[in-house]
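Colleague: Task: produce atomic coordinates for the following.
(12 chains)
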12 protein chains.
Amino acid sequence: MSAHIYKKLEIVGSSATSIEEAVNNAVAKAAETIRNIRWVELVETRCHVENQKIAYWQVTCKIGFTLDEN
Amino acid sequence: MSAHIYKKLEIVGSSATSIEEAVNNAVAKAAETIRNIRWVELVETRCHVENQKIAYWQVTCKIGFTLDEN
Amino acid sequence: MSAHIYKKLEIVGSSATSIEEAVNNAVAKAAETIRNIRWVELVETRCHVENQKIAYWQVTCKIGFTLDEN
Amino acid sequence: MSAHIYKKLEIVGSSATSIEEAVNNAVAKAAETIRNIRWVELVETRCHVENQKIAYWQVTCKIGFTLDEN
Amino acid sequence: MSAHIYKKLEIVGSSATSIEEAVNNAVAKAAETIRNIRWVELVETRCHVENQKIAYWQVTCKIGFTLDEN
Amino acid sequence: MSAHIYKKLEIVGSSATSIEEAVNNAVAKAAETIRNIRWVELVETRCHVENQKIAYWQVTCKIGFTLDEN
Amino acid sequence: MSAHIYKKLEIVGSSATSIEEAVNNAVAKAAETIRNIRWVELVETRCHVENQKIAYWQVTCKIGFTLDEN
Amino acid sequence: MSAHIYKKLEIVGSSATSIEEAVNNAVAKAAETIRNIRWVELVETRCHVENQKIAYWQVTCKIGFTLDEN
Amino acid sequence: MSAHIYKKLEIVGSSATSIEEAVNNAVAKAAETIRNIRWVELVETRCHVENQKIAYWQVTCKIGFTLDEN
Amino acid sequence: MSAHIYKKLEIVGSSATSIEEAVNNAVAKAAETIRNIRWVELVETRCHVENQKIAYWQVTCKIGFTLDEN
Amino acid sequence: MSAHIYKKLEIVGSSATSIEEAVNNAVAKAAETIRNIRWVELVETRCHVENQKIAYWQVTCKIGFTLDEN
Amino acid sequence: MSAHIYKKLEIVGSSATSIEEAVNNAVAKAAETIRNIRWVELVETRCHVENQKIAYWQVTCKIGFTLDEN
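Modeller: Next up is the predicted model:
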């Protein structure tokens, strides 16, 4: 991080497989509309349960991107 | 919540009457521009005071909506 | 703050000089795209270090603005 | 509270109407199985949204009851 | 809030009816001894339970008032 | 989550392999005694270390289930 | 702590004498109904005051025990 | 706690001997000027060190008392 | 800090210039009515914005002073 | 954990693959200079992003080891 | 505390007897290797349980010492 | 930050002038013994007061440096 101005969005990614994939999905979705993503902060991890088993990992992420280069 | 990707906005609703109405006003305002609202998290409640009486209930809400269906 | 509906954005301002200037830069950048900014909350202050010295003060701010007048 | 031993349960009450009713529902449900309820702590308030409107207020409560009199 | 100096008191209001009334009672009581109350922050909500039912809503509030005009 | 009443238990799952498996083990154990599990909140992750290597991932989870359908 | 599954209960112990005795009382009470208690986390300490003096120390504890050996 | 209005003061008690005595000293000092003290919340415990040994236990307490009976 | 009893007040200082000056103003105001101020804890920093620029830095401080020497 | 004295270091491990590997790398690095590592607490997880994809998982860990056996 | 530079270490002290003794043991151990210890902050208190009874009080402390005089 | 392993120290810097100078002093002191300092996190700001005026700004910083290049 250097002398830029950054903005942080709060995105919740989901995955049936893992926490990492849920975060990857959140970043991939954000990347569709914003450029210059610099970092991610994992805020909270929850799971959606169906039939007594974990169906989805749902990870709340704060995604930081350079505002002035967008 | 299932396998979607969600985004969370931070909105402060106001009401002269109650906490619930302040939250309803925040959701109603958000609903003007975003679809598929799924949940709300109440983050903080403050009051604006005038003439030694509570004029407005001001509730900071995080509003979660499905990003990929918007 | 009165009976309005407000929105809060999370912006990280930078400055080589001071915390105050980093916050001012964040507000100035936000003011390019949003009107009716009402308040700022300082959330976190970090520094980027180069050559064993503080290069930039980086302050995460929540910037509140009146949504219904925008 | 005096020299007793207490236990705390974490119950989420729901209501289509208000936060207070959601808490009352949580206490009423707990009262079906435990006696000597002494206090409630409101931990978190969320809302379930359907059709862009708040369907249910969902309040996470910690309910304290006297253990040694149960 | 502007260039004033403010002081914050921590008051717990009670009500048999609702959270809002408990806060109103706290502000009314504070208003007996302090002027220029500007805002309230709701810190914590607890309930006093009697006979397995909520007897009182007890809301801890921080009440901010202008110090230099008192 | 809809108009139900839910209860939350605090379970610590362990696994020699991963965080996800530790959470799965916690849910599987809870499922032996409770039905209608709806969600999990990951509260804290610790590791038990033996011979200078991570022996077990230990994840504290809050497991929410529908109380009124149990 | 090793590869077990653990459960945590939230118990408030009281004592007219000290914080330690209040915690001991909480563990002793829990030990009446659960085996394999492994650890305690002190969450919060409050005092009940009578006649302007501390009558009871009341310590909220999280008590962890091995679930799979119970 | 019942339908009263309460006020909370933040007092730091000290003792060369123990945490409990530091809290007792805080309550005793507060009792010189306020009546109807109902409860104490221990907020933080620090120690003042002299000559590499703990000289004083310093416990920050929030002391709640009935406002309307004072 | 030594074996004294201390009290903490919560004061919000303001300044059009800087965080430091806002804190200095809070201490100066408190010093008008209390003696033996020992320390300050900065709790929260907010800004009041007018015409899209920061008008005032508003810093919430906890001011500790020796109670028994007052 | 038993009657030992422990010290906690704060290490940030990195991995291009997963959270678990980042923690393993942190422990492996710590093990080069300290013996008798007993546990790890995961404090925070961030990601470094390059070219709109997660390049590294960066996990802040507190690593506890027995001080008196070192 | 005055114009010095201080460092804080995180030490966990243990005692079979009390919280205070656990903190004293942590300070005594730290004093073997560092001089000019100034203060201690109690961060967390846990207990190790054996045979359904508290075997050890384990207190996590942050120990502050003057760096520039060491 | 990239694929390195980092360590974080907790240093309290002091200054009679400003928060920024206190942080600079902390980094300068740390730089005497560690290389490759990468970032600073401001954790807490306190002031030491003498004669009813702020004598020193004391800022607790977490200083991150690359461990594997040291």
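Colleague: and residue A:22, what is it in contact with?
Modeller: A:13, A:14, A:15, A:45, A:56, A:57, A:58, A:59 (C-beta atoms under 8 Å, 6 or more residues apart in numbering or on different chains). Any C-beta I mention is one placed from the backbone N, CA and C, and that applies to glycine too.
Colleague: Quick one: neighbours of the fourth one, just the number.
Modeller: The one in question is residue A:45. By the criterion of other C-beta atoms under 10 Å in any protein chain shown, residue A:45 has 24 neighbours.
Colleague: what about it, which SS state?
Modeller: Here residue A:45 is recorded as strand under DSSP: H, G, I helix; E, B strand; the rest coil.
Colleague: In helices only, show me the contacts of residue A:22.
Modeller: Among the contacts of residue A:22, no member falls in helices (DSSP state H).
Colleague: Highest neighbour count among these?
Modeller: residue A:13 (30 neighbours).
Colleague: surely that residue meets residue A:59?
Modeller: Yes: using C-beta atoms under 8 Å, residue A:13 is in contact with residue A:59, at 5.4 Å.
Colleague: Spatially nearest residue to the residue in chain A that chain E sits nearest to, not counting backbone neighbours?
Modeller: At 21.2 Å from chain E, residue A:44 is the closest residue in chain A, using C-beta to the nearest C-beta. Spatial nearest neighbour of residue A:44, chain neighbours left out: residue A:60 (4.3 Å); criterion: C-beta to C-beta, 6 or more residues apart in numbering or on different chains.
Colleague: what's the answer for residue A:47, then?
Modeller: The nearest residue in space to residue A:47 (C-beta to C-beta, 6+ apart) is residue F:40, at 4.0 Å.
Colleague: just residue A:30 next, same as before
Modeller: residue A:63 (5.0 Å).
Colleague: For the one helix or strand residue A:9 maps to, which helices and strands make contact with it?
Modeller: Assigned by DSSP states H and E, residue A:9 belongs to strand A:6-15. Here strand A:6-15 touches helix A:19-31, strand A:37-50, strand A:53-66, strand B:6-15, strand C:6-15, going by 3 or more C-beta pairs under 8 Å, 6 or more residues apart in numbering or on different chains; DSSP states H and E.
Colleague: low-scoring stretches of chain A, by residue?
Modeller: Low-confidence segments of chain A (pLDDT under 70): A:1-3, A:69-70.
Colleague: and with 80 instead?
Modeller: Scanning chain A for pLDDT under 80 picks out A:1-3, A:68-70.
Colleague: what about residue A:54, distance to chain K?
Modeller: Distance from residue A:54 to chain K, counting by C-beta to the nearest C-beta, to the nearest Å: 29 Å.
Colleague: Give the bridge partners for the closest residue in space to that residue that isn't next to it in sequence, please.
Modeller: Closest residue in space to residue A:54, ignoring its immediate chain neighbours: residue A:47 at 4.6 Å, by C-beta to C-beta, 6+ apart. The partner list for residue A:47 in beta bridges (DSSP bridges) reads residue A:57, residue F:40.
Colleague: Number of residues surrounding residue A:47?
Modeller: By other C-beta under 10 Å, the residues close to residue A:47 number 27.
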